[in-house]
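> Sequence isn't available, so here's the structure alone:
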Ligand SMILES: [Zn+2]
């Protein structure tokens, strides 16, 4: 697992995202996707004619056709929220192998404004193809999805390790402190631990403020070879490590409710990058719920298993802390259209470029984007670095 | 009577659901591995072989994780109030999703010993639920 073959061979050269403090976007569907592709390419100083690879969490050929792109690399990986970390991993490998040169991944979802348009929300329910054992073996029991699945993980973590609701709440509080510095964040008003505990219980032990938002949102990134990245519009942000771990689809099949497959993908990506957790300057760790972020802290090795609550307790994840985490305000306070993994990468790139204004972390060199898809099902860990780390 | 999302019957679970008509909890076992597995499928998830045999379960287990749903899930009646959804480790060694009934929802705790009880479904099948042992 210490294979370092992909280290520094590719770089993210363009990013874009569209998020509004109202939680709703004007554009939607293909038009919004096309806008994100266009903005990410412009950010890179590339054009559509340069694109020879398309990643899309769905039928990628439909998007390619709409854009008028005739790709030689197509990846339709759909694993929920971490699809974009997997897209980047796959694209980096494909570029390194010479299969293609410039790959774009794009995401757009507008569950909030879809309601207004009468299109129906897209959230919850089985969003995966194939047979659906969930209907037979889970849904009759009335688990509210997706929060109920995460609540079961939190229940087990509390029982095994004494993790408290206050410790989980601290994660929401620190994430909100970051959101206060992001003008596009949906929620920016400060909150306290007491506010989180007083918010309505959704699925015990998770309160409303332990849960991510439902907003519109869209984004894209462009990845290319390190050679080609060198003379584009922005400083390249190199892919230093990438790895996937997946161990179930339904929560009732999760091998260990307190340990995600990130305990495999994290160390593998760090080994590829040749880094240790204490070298990470910025952590973008998927926060669909507070428990999700807490599990990532442990599984990526920032603290031992079971100590995530105590680790987060002193506010070190927030502004001025030793492990700046979810600096855009996260899925908890910035945006969460359903598959949030795209925004982890976009923010990591912007922080490593130094483009984040008042919430800018001081001189970060190594950033980690760690996506979680399904119900703690599929983890994708990406280690990114500035030119100095390559 | 509680309203439930009516579970479909997959081809590999016909015997399971038929047994619930008699309030019998059975589990699929791989005759080659001599091991039970969950959920029911055509082949054993350890060896992709079989044959798969149905064996009577003891009906006892222990709560592995539990969450009280304050926002009702699929098909549940909001007026019925909060209810407990749990993962239960059966004595045979498989973990299943279920409801904990027969006590206040918040009284269901991790580690609690439970035993199976049956809730009728509209078509004569029963849903396996668990109550404090
Ligand atoms: Zn077997």
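Good, I have the coordinates. Everything numeric here is computed off the predicted structure, so don't read it as measured data. Numbers count the residues shown, from 1 in each chain, chains lettered A, B, ... in the order given.
> Now do the strands in chain A.
A:10-18, A:53-55, A:73-75, A:102-109, A:201-203, A:206-207, A:217-225, A:237-246, A:282-285, A:366-373, A:378-385 (DSSP state E).
> mind checking how far the host helix or strand of residue B:29 is from the chain centre?
Using DSSP states H and E, residue B:29 falls within strand B:26-30. Centroid separation for strand B:26-30 versus its chain: 13 Å, with CA atoms, centre = their mean, to the nearest Å.
> now stretch A:186-199
Counting by CA atoms, centre = their mean, stretch A:186-199 comes out at 22 Å from the chain centroid.
> before we move on, the earlier item: could you name the helices and strands sitting against the strand holding residue B:29?
With contacts taken as 3 or more CB pairs under 8 Å, 6 or more residues apart in numbering or on different chains; DSSP states H and E, strand B:26-30 sits against helix B:14-21, strand B:35-36, strand B:52-56. No exception for glycine: its C-beta is placed from N, CA and C like everyone else's.
> Let me know which of those is the nearest to the ion.
strand B:35-36 (6.4 Å; CB to the ion).
> which residues are contacting the closest one?
Residues from elsewhere that reach strand B:35-36 (CB atoms under 8 Å, 6 or more residues apart in numbering or on different chains): B:27, B:28, B:29, B:30, B:44, B:46, B:55, B:57, B:92, B:93, B:94.
> Put together JSON lines for the helices and strands packed on strand B:26-30, with distance to the ion on each row.
Formatted as JSON lines, these follow (distance: least, CB to the ion, whole Å):
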{"stretch": "helix B:14-21", "distance to the ion": "17"}
{"stretch": "strand B:35-36", "distance to the ion": "6"}
{"stretch": "strand B:52-56", "distance to the ion": "9"}
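> Reformat the ones you listed as a markdown table; add mean neighbour count and mean pLDDT.
Output for the helices and strands packed on strand B:26-30, formatted as a markdown table (neighbours: other CB atoms under 10 Å in any protein chain shown; pLDDT from 0 to 100):
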| stretch | mean neighbour count | mean pLDDT |
| --- | --- | --- |
| helix B:14-21 | 17 | 97 |
| strand B:35-36 | 18 | 96 |
| strand B:52-56 | 14 | 97 |
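> Would you mark the buried spots in stretch A:61-74?
Using 16 or more other CB atoms under 10 Å in any protein chain shown as the test for burial, stretch A:61-74 gives A:63, A:64, A:67, A:69, A:71, A:73, A:74.
> so where's the chain uncertain?
By default, I'm working from chain A. When residues are selected by pLDDT under 70, those of chain A lie in A:1-3, A:119-131.
> try chain B instead
Looking at chain B by pLDDT under 70, you get B:1.
> Apply 80 and report the result again.
Applying pLDDT under 80 to chain B flags the ranges B:1-2.
> do the longest strand seen in it and chain A meet at all?
The residue-count maximum for a strand in chain B (DSSP E) belongs to strand B:60-69. Yes. Residues of strand B:60-69 contacting chain A under CB under 8 Å from any CB of the partner chain: B:64, B:65, B:66, B:67, B:68, B:69.
> which one is residue A:258 nearest to, not counting chain neighbours?
residue A:157 (4.9 Å; CB to CB, 6 or more residues apart in numbering or on different chains).
> Run a quick neighbour tally on the one you found.
Neighbourhood size, residue A:157 [other CB atoms under 10 Å in any protein chain shown]: 26.
> filter the buried residues of stretch A:61-74 down to the ones close to the ion.
Here nothing survives when the buried residues of stretch A:61-74 are matched to the ion using CB under 5 Å from the ion.
> Out of the residues you listed, which two sit at the greatest distance?
Greatest spatial distance among these (CB to CB): A:67 and A:73, at 14.2 Å.
> Please enumerate the helices of chain A.
A:29-44, A:60-67, A:83-96, A:111-117, A:133-137, A:147-161, A:165-179, A:193-198, A:226-229, A:262-273, A:290-299, A:308-312, A:341-353 (DSSP state H).
> OK, contacts around residue 93?
I'll assume chain A. A:6, A:242.
> Actually, chain B is the one I wanted.
Listed by CB under 8 Å, 6+ apart, the contact partners of residue B:93 are B:35, B:36.
> how would you label it: helix, strand or coil?
The local conformation at residue B:93, judged by DSSP: H, G, I helix; E, B strand; the rest coil, is coil.
> So what does it look like in phi/psi?
Main-chain torsions, residue B:93, degrees, to the nearest 10: phi 110, psi 10.
> So it versus residue B:61, what's the distance?
10 Å (CB to CB, to the nearest Å).
> swap in residue A:139?
21 Å.
> Just want to know which of the two has more residues nearby.
More crowded of residue A:139 and residue B:61, by other CB under 10 Å: residue B:61, with 26 against 23.
> I'd say the more buried one and residue B:128 touch.
No. With contact defined as CB atoms under 8 Å, residue B:61 does not count as touching residue B:128 (10.3 Å).
> Name the residues contacting each of those two.
residue B:116.
> Make CSV from the helices and strands packed on strand B:26-30 and add distance to residue A:386 to it.
Below are those laid out as CSV (distance: least, CB to CB, whole Å):
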stretch, distance to residue A:386
helix B:14-21, 56
strand B:35-36, 51
strand B:52-56, 55
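> out of the ones you listed, nearest to residue A:97?
By CB to CB (comparing all of those), the closest turns out to be strand B:35-36, at 40.3 Å.
> Name every strand pairing with the closest one and say which way it goes.
Here strand B:35-36 is paired, per DSSP bridges, with strand B:26-30 (antiparallel).
> Check whether the strand it pairs with comes near the ion.
Yes. Using CB under 5 Å from the ion, strand B:26-30 reaches the ion at residue B:30.
> how far off helix B:14-21 does that strand point, in degrees?
Strand B:26-30 and helix B:14-21 are oriented at 150 degrees to each other (axes from the mean of the first three to the mean of the last three CA atoms, to 10 degrees).
> now strand B:26-30 against strand B:52-56, angle please.
140 degrees.
> So what touches strand B:26-30?
Contacts of strand B:26-30 (CB under 8 Å, 6+ apart): B:12, B:15-16, B:19, B:35-38, B:40-41, B:44, B:46-47, B:49-57, B:90, B:92, B:94.
> Check stretch A:150-159 too.
Contacts for stretch A:150-159 (CB under 8 Å, 6+ apart): A:143, A:163-164, A:168, A:202-206, A:251, A:254, A:257-258, A:288-292, A:294-295, A:306, A:308, A:375-376, B:64-67, B:85-87, B:109-111.
> Swap in 6 Å and give it another go.
Applying CB atoms under 6 Å, 6 or more residues apart in numbering or on different chains, the contact partners of stretch A:150-159 are A:163, A:203, A:205-206, A:251, A:257-258, A:289, A:291, B:65-67, B:87, B:110.
> What's the local residue count around the nearest residue to residue A:246 once chain neighbours are set aside?
Distances taken as CB to CB, 6+ apart put residue A:378 closest to residue A:246, at 4.1 Å, once the chain neighbours are dropped. By other CB under 10 Å, 27 other residues sit near residue A:378.
> for residue A:378, what are its contacts?
A:79, A:82, A:246.
> dump the residue contacts of the closest residue to the ion within the stretch 51-200 of chain A.
Relative to the ion, the nearest point of the stretch 51-200 of chain A is residue A:133 (18.3 Å; CB to the ion). Counting by CB under 6 Å, 6+ apart, residue A:133 touches residue B:39.
> With the one 4 residues further on instead?
Applying CB under 6 Å, 6+ apart, one finds that residue A:137 lies in contact with residue B:39.
> which bits of the stretch 151-300 of chain A sit near chain B?
With CB under 6 Å from any CB of the partner chain as the criterion, the stretch 151-300 of chain A meets chain B at residues A:151, A:152, A:155, A:156, A:159, A:201, A:202, A:203, A:204, A:252, A:257.
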